[in-house]
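Q: Fold the following.
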Amino acid sequence: MVDKTSSINDVAKLAGVSPATVSNVLTGRKPVSPKLAKKVEAAVKALDYRADPLASMLRSGDAKIVAILVPDLDNPFFTSIVSAVEQCLGKDSYEVIVASSHDNEAIERSKLKAILAWRPAGLIVIPCSDEFASREPIEISKTPYVIADRVTGNLNADTVSLDNEEAGRLAARHLIDLGHRNVLIAATSLGLANIRQRCSGASEAFRSRGLSDPMIVELGFDIQTVSQKLADWFERNAPPTAILALTNFTTLTVLATLAERGLRMPRDISLIGFDDYTWMRARVTPLTAIAQPVREMGRALWDRLSARIKGDDSPAKHILLPCELKLRDSTAAPRKTRLAGTPTAKAVPSRPG
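A: Below you'll find the predicted structure:
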């Protein structure tokens, strides 16, 4: 036997009233006489009726839904952003729907069209490319939206991102102060502005000390090939004394490559990772890392989006959040320097001004 879900029409029929009266009793939008209200409440209880909140929101045009589109749900940084935003929504009674573009522009456009069909109150998007050509349907729909993390110029939407150049400078200065000159930067894709900015900040730090730019290896996003790309780089080049990994993904790739080659931190090579997760501190050798302010990013994203949802039509705001260098045991002076008797540089945690 099929268990048919009761509808508002079933409740109205049992109570002997109109569906509009049932709706008014349940929502409180219009007053209903106590006698009719009791009939409706009795019918709701008898039928175990539960209103469909989505259908109600779509009918009223007051959607309490916020959508978040990220490039990859396997990446803990992106899911951390989703979680940080979600923690801000409770008091505002919004629900969240989340989708992934799989770092593919065609999928990104398709997902955005599907999301917009739900008529969300607003959108938060981490684009899969600098161009973000997929934003056109959002702007046509006039849905409020904020761009996170991967941000370039000439955008007429609010943006929230990390001060990526300063992140690169912080990491590079630490390695330079320890005595490192032969440094490798492990990047995902130089096609992304935030990665280019991190490289630029690191290179600027080296040049400001009269040193040559650090080497850069571009590894991509394919988990099946990145380790091999880094291993191939090691086969063709003399090993660096330190590596700066620009994402949590490349941090894991570097760790796997060092383990395969029997290189230990910081005895053989120093490593600075990106992002700051519990596993980075729970290692035999805890990782020095650039920490992104995920909670602050989530709060800033919701502050901007909620303001737009409420009708704020001021010019677009572009928020840059500071990062922090977390000093741990994976970085030290180069081994040759230590063997020569030069004291290890005492690094002091630094923050952007």
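
Q: For the helix or strand containing V11, enumerate the helices and strands it packs against.
A: For V11, the element it lies in under DSSP states H and E is helix 8-15. The contact analysis (3 or more C-beta pairs under 8 Å, 6 or more residues apart in numbering; DSSP states H and E) places helix 8-15 against helix 19-27, helix 34-47. All C-beta atoms are positioned from the backbone trio N, CA, C, and that covers glycine.

Q: So for T257, which of these sits nearest?
A: Nearest of the helices and strands packed on helix 8-15 to T257, taken as C-beta to C-beta: helix 19-27 at 59.2 Å.

Q: Which residue lies nearest the spatial centre of the chain?
A: F78 (3.3 Å; C-alpha atoms, centre = their mean).

Q: Give me the three-state assignment for that one.
A: helix (DSSP: H, G, I helix; E, B strand; the rest coil).

Q: which residues touch it?
A: Residues in contact with F78 (C-beta atoms under 8 Å, 6 or more residues apart in numbering) are 70-72, 126.

Q: Out of those residues, which comes closest to R328?
A: Out of the contacts of F78, the member with the shortest distance to R328 (by C-beta to C-beta) is D72, at 26.6 Å.

Q: pretty sure that closest one contacts N104?
A: No - using C-beta atoms under 8 Å, D72 and N104 do not qualify as a contacting pair, with a distance of 10.0 Å.

Q: which residue sits closest to L116, ignoring its sequence neighbours?
A: Spatial nearest neighbour of L116, excluding adjacent residues (C-beta to C-beta, 6 or more residues apart in numbering): S141 at 5.2 Å.

Q: So between D72 and N104, which is more surrounded?
A: D72 (17 against 14; other C-beta atoms under 10 Å).

Q: low-confidence ranges in the stretch 251-353 of the chain?
A: Applying pLDDT under 70 to the stretch 251-353 of the chain flags the ranges 337-353.

Q: Strands of that one, start to end?
A: 270-274, 288-291, 318-321, 324-326 (DSSP state E, counting those that start in this stretch).

Q: the helices in the stretch 1-150 of the chain, which residues?
A: In the stretch 1-150 of the chain, the helices defined using DSSP state H, counting those that start in this stretch lie at 8-15, 19-27, 34-47, 53-60, 76-89, 105-117, 136-141.

Q: Ok, which of the strands of the stretch 251-353 of the chain comes nearest R304?
A: Using C-beta to C-beta, the nearest of the strands of the stretch 251-353 of the chain to R304 is strand 318-321, at 7.3 Å.

Q: Name the residues that touch the closest one?
A: Applying C-beta under 8 Å, 6+ apart, the contact partners of strand 318-321 are 151, 155, 158-163, 292-293, 296-297, 300, 304.

Q: Could you give me the buried positions within that strand?
A: 319-321 (16 or more other C-beta atoms under 10 Å).

Q: Also stretch 245-261?
A: 245-255, 257-258.

Q: Output those as TSV; include the columns distance to I185.
A: Shown next, in TSV, are these (distance: C-beta to C-beta, whole Å):
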residue	distance to I185
A245	8
L246	6
T247	11
N248	15
F249	14
T250	9
T251	12
L252	16
T253	13
V254	11
L255	16
T257	14
L258	15
